[in-house]
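Colleague: attaching a predicted model along with its sequence, questions to come.
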Amino acid sequence: SLLQEKYKKHRMRFYSLSDNPNKPCSVLQFKQVSIMLDCGLDLSSSLHFLPLPVVEKGVSLPLHNPDLVDGELRDCGGSGGTVLVDSEPEFLPPQEELFSFSDIDTILISNYTCMLALPFITEKTGFRGKVYATEPSVLLGRIFMEEMLEYLGRAPRHYQATKWKTVLSQLPPPLCDMKDVNSLRTLYTKEIMEASLAKVQMVGYNEKMSIFGLLDVCPVSSGYCLGSCNWVITTGYEKIVYLSSSSTLTTHPKAMDQTSIRGADCMIMTALTQTPTQMPDPMIGDFCRIVCETLKASGNVLVPCYPSGIIYDLFECLSTQMDMNGLTTIPLFFFSSVADSSLAYSNIMAEWLSTAKHNRVYLPEEPFVHGSLVRGGRLKSFPCLGAESVTAEYRQPCVVFTGHPSLRCGDVVHFMELWGSSPNNLVVFTEPSFNHQLALAPYQPLAMKTVHCPIDTSLNFTQARKLIREAKPACLVVPHRYTTPPSSAPTRMELVIDPDIPMFPYKKLDIIKLPVVRTLEHLELAPELAQRLVPCEVRPGVAVATVTGNLIVKDNKYTLALLEDPEEGEVVTNEHKRLKRDSSRGSSVPSSSSPHPVFPLTKQKPKHYLYGSLNSTEFVSRLSSRGVTDAKVETGRDGGFPVQIHLPQEESLIQVVEDETHVLYDQVEGTPPVQTEKLREVLRETILACVNKF
């Protein structure tokens, strides 16, 4: 029906631009507003490239099939090893072909790990919208971007390999399994990064922002990392919740707000745990135990990591365990160009921390243990290996935290080459977003011990299902991979999302029409008009009043104002209004056009208001009394709607449905127009006589 078609046009649409649920990017389109939800940058593609060494040296790895790809590929690990690309690492930003970035009105950032692709979206794309993020997300997001730019800038490649992409199907795995290789991009420049971050508006938890007066967006704590949030999008009558990286565990960030996300018409859930079979608490315990065992054997420990996040908890847990094992004198080193900024920021963001850490500020104490570790000389930070203080402070055995966790750039490349030949040393992988075996491929054969100890505090599937039951959304949108068990545990059916509410799984480049329909708008009644209403009680406790006013739409806000009559004696014409405007601008050019009077709005209101359906039996009877006796009636099933009344001689058809009546008629050949007009008047008057009115 026409009503159903109208509703379809106002349904909410969801566009998926990313294939990685933990580096999400999607667009929500509702009420003429296009909102981008996160803009994660997939860094896992960098694992297919050779590491960028801290010290420039000639590449000694053998070429792979040089005739096919002009020396762009290298064999790693000897015969049967992994083939990697000898070029500057490239990354996979969100897909632009599905939805033009220039049409995006607002970007909502949920945490600093999901904003690294922001410069790809806001710069040189025609983007003119706003970007909202919390203060820690902006500050720490900048740190992540600056560190990546610094690492890639230390050993720049002077060429970019491209031919391998054209013969992908002929290459060995895992290269031949790569997707969207033609969408891979090298990282942006520092200037583009600064221009992009300048567009971000910082917001606080529970702070509402209006989007063109059509929608309100509000960030609420998600408990995952400093400043991380879920977004609540509301109109006067609908509520949509975007739930990204979230955690119900007690770590350093502020606890998750589970109250604000309840009762949504639609919940979009993404970025659940990447380690569904491993819990974070045992992993942290294993991490501390293995590190201490290696240090006791006089070995060194390398921890590839990001400059913020779980590293704060690792500093605290590891230093406590080292104290308990008599390893207090062994130093912790933190190598990163942004190490000092990261450590400083974390200790001045008290309002974004858990209650326990927030309360320490008022003692006064630093929220994080690493503050006292730095003052006591146990934790030392350096911008890079070339810093002057490294020579004086460096000693072994030690624990080194440094980036990048992909092992493709940064100081970690040097430490892998320095310590890789000794079986006493250990490298521990705690970052779950990289395949540790592929990360180690260019360093094979490797003598040092390797341990995969992924720590992911995001919601697991059990916690997510419990959250859905308690939040009670009307429908759920999730990545398709959450509907089947992970490849690491294909038989564990509990590792899926299977709610008892309508669910809409999506894959990359999917467009989903969601059952959230725009049906009502809020309208404000002007006080002057409200004072003139005369309610009439139709039954006890229920009164109605007719309202006639002037509908004003401004900034997408609807107001019904009082209709005003022109002043007495004033002739209201288009010409009069034009002359009045012209005179106020100093113009006195007369017009030769004749004035056309404008009928006052107060005279345009109807004498009666109609309601209900047309009584077709009464209508035919009244027509017969007025000389139209050839009416033929066809009713719907069981004598109901729709009803069609055909007048053969007059060549007219009246279609009646529950809330509408349509009259279709033609000028009968040879019939004077005056007679046709008379018939029109008869039909109109008869219909009005048969419809309820007040």
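Modeller: Yes, it's here.
Colleague: which residues in the stretch 151-300 of the chain form helices?
Modeller: 163-166, 190-197, 280-296 (DSSP state H, counting those that start in this stretch).
Colleague: any chance of a markdown table for those, columns mean pLDDT?
Modeller: As requested, the helices of the stretch 151-300 of the chain are exported to a markdown table (pLDDT from 0 to 100):
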| stretch | mean pLDDT |
| --- | --- |
| helix 163-166 | 90 |
| helix 190-197 | 96 |
| helix 280-296 | 95 |
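Colleague: quick one: the ones you listed as JSON lines, columns for distance to Phe619 and mean neighbour count too.
Modeller: C-beta coordinates here come from the backbone N, C-alpha and C atoms, glycine included. Formatted as JSON lines, the helices of the stretch 151-300 of the chain follow (distance: least, C-beta to C-beta, whole Å; neighbours: other C-beta atoms under 10 Å):
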{"stretch": "helix 163-166", "distance to Phe619": "72", "mean neighbour count": "16"}
{"stretch": "helix 190-197", "distance to Phe619": "66", "mean neighbour count": "16"}
{"stretch": "helix 280-296", "distance to Phe619": "73", "mean neighbour count": "18"}
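Colleague: out of those helices, nearest to Glu634?
Modeller: helix 190-197 (64.5 Å; C-beta to C-beta).
Colleague: between the helices of the stretch 151-300 of the chain, which one is nearest to Met349?
Modeller: The stretch from the helices of the stretch 151-300 of the chain with the least distance to Met349 (C-beta to C-beta) is helix 190-197; that distance is 17.7 Å.
Colleague: what's next to the closest one, contact-wise?
Modeller: By C-beta atoms under 8 Å, 6 or more residues apart in numbering, the residues outside helix 190-197 that reach it are 118-119, 122-124, 138, 141-142, 145-146, 149, 188.
Colleague: closest to Trp164 among these?
Modeller: Checking the contacts of helix 190-197 against Trp164 with C-beta to C-beta, the nearest one is Tyr188 at 22.7 Å.
Colleague: so that closest one makes contact with Glu123?
Modeller: Yes: applying C-beta atoms under 8 Å, one finds Tyr188 in contact with Glu123, separated by 7.3 Å.
Colleague: the two - which one has more neighbours?
Modeller: Tyr188 (23 against 17; other C-beta atoms under 10 Å).
Colleague: which pLDDT value belongs to the more buried one?
Modeller: Tyr188 is assigned a pLDDT of 95 by the prediction.
Colleague: how close does it get to Ile35?
Modeller: Distance, Tyr188 to Ile35, by C-beta to C-beta, to the nearest Å: 23 Å.
Colleague: and Met209, by the same measure?
Modeller: From Met209 to Ile35 the distance is 11 Å (C-beta to C-beta).
Colleague: so what sits against both of these two?
Modeller: What both Met209 and Ile35 touch, as defined by C-beta under 8 Å, 6+ apart, is the set Val217.
Colleague: between those two, tell me which one has more neighbours.
Modeller: In this view Met209 and Ile35 are compared by other C-beta under 10 Å, and Ile35 has more residues nearby, 23 against 15.
Colleague: just confirm that one contacts Ile211, I think it does.
Modeller: Yes: using C-beta under 8 Å, Ile35 is in contact with Ile211, at 7.3 Å.
Colleague: what do these two both touch?
Modeller: With contacts taken as C-beta under 8 Å, 6+ apart, the residues that reach both Ile35 and Ile211 are 105-106, 217.
Colleague: grab the nearest non-local neighbour of Leu28.
Modeller: With C-beta to C-beta, 6 or more residues apart in numbering as the criterion, Leu28 has its nearest non-adjacent residue at 4.7 Å, and that residue is Ile35.
Colleague: against Gly227, how distant is Ala271?
Modeller: As for Ala271, its distance to Gly227 is 15 Å (criterion: C-beta to C-beta).
Colleague: before we move on, what about Leu373?
Modeller: 23 Å.
Colleague: got it, and Val374?
Modeller: Remark: distance between Val374 and Gly227 (C-beta to C-beta) = 22 Å.
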